[in-house]
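A.B. asks: Sequence and predicted structure below; questions after.
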Amino acid sequence: MKAVWDGGPEGLTAGEVVDAVAQAQDWHPRTTKTLLNRLVQKKAVDVRVDGRRYLYRPRVPRDAALRRESRSFLSRVFGGAVAPAVVHLLEQSDLKLTPREIEQLRAILEKEREKG
(Lines give C-alpha, C1' and ligand atoms only; values in the text may rest on other atoms or scores of the structure.)
Protein backbone atom coordinates (compact mmCIF):
# COMPACT_ATOMS: atom_id res chain seq x y z
CA MET A 1 0.00 0.00 0.00
CA LYS A 2 2.86 2.39 0.74
CA ALA A 3 4.01 2.22 -2.88
CA VAL A 4 0.48 2.94 -4.12
CA TRP A 5 -0.01 5.80 -1.63
CA ASP A 6 3.32 7.30 -2.67
CA GLY A 7 2.40 6.98 -6.35
CA GLY A 8 0.51 10.24 -6.63
CA PRO A 9 -2.99 11.07 -7.85
CA GLU A 10 -2.61 9.61 -11.35
CA GLY A 11 -1.63 6.22 -9.99
CA LEU A 12 1.06 3.74 -10.86
CA THR A 13 1.29 0.94 -13.38
CA ALA A 14 1.76 -2.59 -12.06
CA GLY A 15 5.38 -2.41 -13.19
CA GLU A 16 5.93 0.81 -11.26
CA VAL A 17 4.42 -0.77 -8.14
CA VAL A 18 6.67 -3.81 -8.61
CA ASP A 19 9.73 -1.55 -8.94
CA ALA A 20 8.78 0.49 -5.86
CA VAL A 21 8.22 -2.64 -3.76
CA ALA A 22 11.45 -4.20 -5.04
CA GLN A 23 13.38 -1.29 -3.52
CA ALA A 24 12.00 -2.09 -0.07
CA GLN A 25 11.34 -5.84 -0.21
CA ASP A 26 13.01 -8.81 -1.84
CA TRP A 27 9.78 -10.01 -3.46
CA HIS A 28 9.27 -11.74 -6.77
CA PRO A 29 7.30 -9.49 -9.16
CA ARG A 30 4.51 -12.06 -9.32
CA THR A 31 4.12 -11.88 -5.52
CA THR A 32 3.71 -8.10 -5.70
CA LYS A 33 1.16 -8.37 -8.53
CA THR A 34 -0.81 -11.00 -6.60
CA LEU A 35 -0.92 -8.73 -3.55
CA LEU A 36 -1.94 -5.80 -5.75
CA ASN A 37 -4.83 -7.82 -7.17
CA ARG A 38 -5.93 -8.82 -3.67
CA LEU A 39 -5.91 -5.16 -2.63
CA VAL A 40 -8.15 -4.40 -5.64
CA GLN A 41 -10.54 -7.22 -4.62
CA LYS A 42 -10.64 -5.87 -1.06
CA LYS A 43 -11.42 -2.40 -2.47
CA ALA A 44 -8.34 -0.86 -0.91
CA VAL A 45 -6.90 -0.07 -4.34
CA ASP A 46 -8.67 1.18 -7.45
CA VAL A 47 -7.58 0.14 -10.93
CA ARG A 48 -8.25 2.24 -14.04
CA VAL A 49 -7.55 1.34 -17.67
CA ASP A 50 -5.53 3.98 -19.53
CA GLY A 51 -4.99 2.76 -23.06
CA ARG A 52 -2.93 -0.40 -22.69
CA ARG A 53 -1.94 0.34 -19.11
CA TYR A 54 -3.66 -0.36 -15.83
CA LEU A 55 -3.18 2.39 -13.27
CA TYR A 56 -3.49 1.62 -9.57
CA ARG A 57 -4.53 4.27 -7.03
CA PRO A 58 -5.40 4.01 -3.35
CA ARG A 59 -9.10 3.96 -2.46
CA VAL A 60 -8.37 4.11 1.26
CA PRO A 61 -6.56 7.13 2.70
CA ARG A 62 -3.30 6.34 4.46
CA ASP A 63 -4.43 7.81 7.80
CA ALA A 64 -7.68 5.80 7.79
CA ALA A 65 -5.80 2.56 7.08
CA LEU A 66 -3.25 3.36 9.78
CA ARG A 67 -6.00 3.99 12.34
CA ARG A 68 -7.78 0.74 11.45
CA GLU A 69 -4.61 -1.35 11.53
CA SER A 70 -3.44 0.25 14.77
CA ARG A 71 -6.74 -0.54 16.46
CA SER A 72 -6.64 -4.09 15.14
CA PHE A 73 -3.07 -4.58 16.38
CA LEU A 74 -3.86 -3.13 19.82
CA SER A 75 -6.91 -5.33 20.09
CA ARG A 76 -5.14 -8.54 19.05
CA VAL A 77 -1.86 -8.09 20.90
CA PHE A 78 -2.62 -5.85 23.88
CA GLY A 79 -6.33 -6.43 24.46
CA GLY A 80 -7.05 -2.91 23.23
CA ALA A 81 -4.91 -1.25 25.91
CA VAL A 82 -2.76 1.61 24.64
CA ALA A 83 -0.43 2.17 27.62
CA PRO A 84 1.08 -1.37 27.68
CA ALA A 85 1.68 -1.12 23.93
CA VAL A 86 3.49 2.22 24.22
CA VAL A 87 5.53 1.03 27.19
CA HIS A 88 6.48 -2.17 25.37
CA LEU A 89 7.50 -0.32 22.21
CA LEU A 90 9.61 2.16 24.14
CA GLU A 91 11.28 -0.44 26.37
CA GLN A 92 11.96 -2.98 23.62
CA SER A 93 13.04 -0.62 20.88
CA ASP A 94 16.69 -0.39 19.91
CA LEU A 95 15.99 3.07 18.56
CA LYS A 96 16.56 6.18 20.61
CA LEU A 97 13.92 8.90 20.78
CA THR A 98 14.96 12.37 19.72
CA PRO A 99 14.36 15.30 22.08
CA ARG A 100 11.57 16.43 19.75
CA GLU A 101 9.88 13.01 19.90
CA ILE A 102 10.12 13.03 23.70
CA GLU A 103 8.45 16.45 23.77
CA GLN A 104 5.71 15.20 21.44
CA LEU A 105 5.03 12.28 23.79
CA ARG A 106 4.97 14.58 26.81
CA ALA A 107 2.48 16.88 25.07
CA ILE A 108 0.21 13.95 24.17
CA LEU A 109 0.36 12.58 27.72
CA GLU A 110 -0.37 15.99 29.21
CA LYS A 111 -3.34 16.43 26.88
CA GLU A 112 -4.65 13.01 27.98
CA ARG A 113 -4.19 13.96 31.63
CA GLU A 114 -6.27 17.10 31.09
CA LYS A 115 -9.06 15.08 29.43
CA GLY A 116 -9.32 12.61 32.28
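C.D. replies: Received, thanks. A quick note: this is a predicted structure, and the numbers were derived from the prediction, not measured.
A.B. asks: separation between the residue nearest the centre of the chain and Trp5?
C.D. replies: Note on the chain: the residue nearest the mean C-alpha position is Leu66, at 5.4 Å, using C-alpha atoms, centre = their mean. Here Leu66 is placed at a distance of 10 Å from Trp5 (C-beta to C-beta, to the nearest Å). (C-beta placed from N, C-alpha, C; glycine too.)
A.B. asks: Counting by contacts, list what the least confident helix or strand in the chain by mean pLDDT packs against.
C.D. replies: Across the helices and strands of the chain, mean confidence by mean pLDDT, DSSP states H and E is lowest for helix 82-92: a mean of 90. With contacts taken as 3 or more C-beta pairs under 8 Å, 6 or more residues apart in numbering; DSSP states H and E, helix 82-92 sits against helix 62-78.
A.B. asks: Residue ranges of each domain in the protein, please.
C.D. replies: Domain assignment for the chain, taken from automatic domain parsing, gives 2-58, 62-115.
A.B. asks: winner for burial among those domains?
C.D. replies: Highest mean neighbour count among those (mean count of other C-beta atoms under 10 Å): domain 2-58, with a mean of 14.
A.B. asks: How far does stretch 75-86 stretch from one end to the other?
C.D. replies: Start and end residues of stretch 75-86 are separated by 14 Å (C-alpha to C-alpha, to the nearest Å).
A.B. asks: switch to numbering from 35
C.D. replies: Done: numbering now begins at 35, and the last item shifts to stretch 109-120.
A.B. asks: in this structure, which spans are helices?
C.D. replies: Secondary structure of the chain (DSSP state H): helices located at 36-39, 48-58, 63-75, 96-112, 116-126, 133-149.
A.B. asks: Asp84: which of those helices is closest?
C.D. replies: Across the helices of the chain, Asp84 has its closest neighbour in helix 48-58 (12.1 Å, C-beta to C-beta).
A.B. asks: And the closest one, what does it pack against?
C.D. replies: The helices and strands touching helix 48-58, judged by 3+ C-beta pairs under 8 Å, 6+ apart, are helix 36-39, helix 63-75, strand 87-92.
A.B. asks: if we can go back for a sec, name the residues that touch the least confident helix or strand of the chain?
C.D. replies: Helix 116-126 is contacted from outside by 107-108, 111-112, 131, using C-beta atoms under 8 Å, 6 or more residues apart in numbering.
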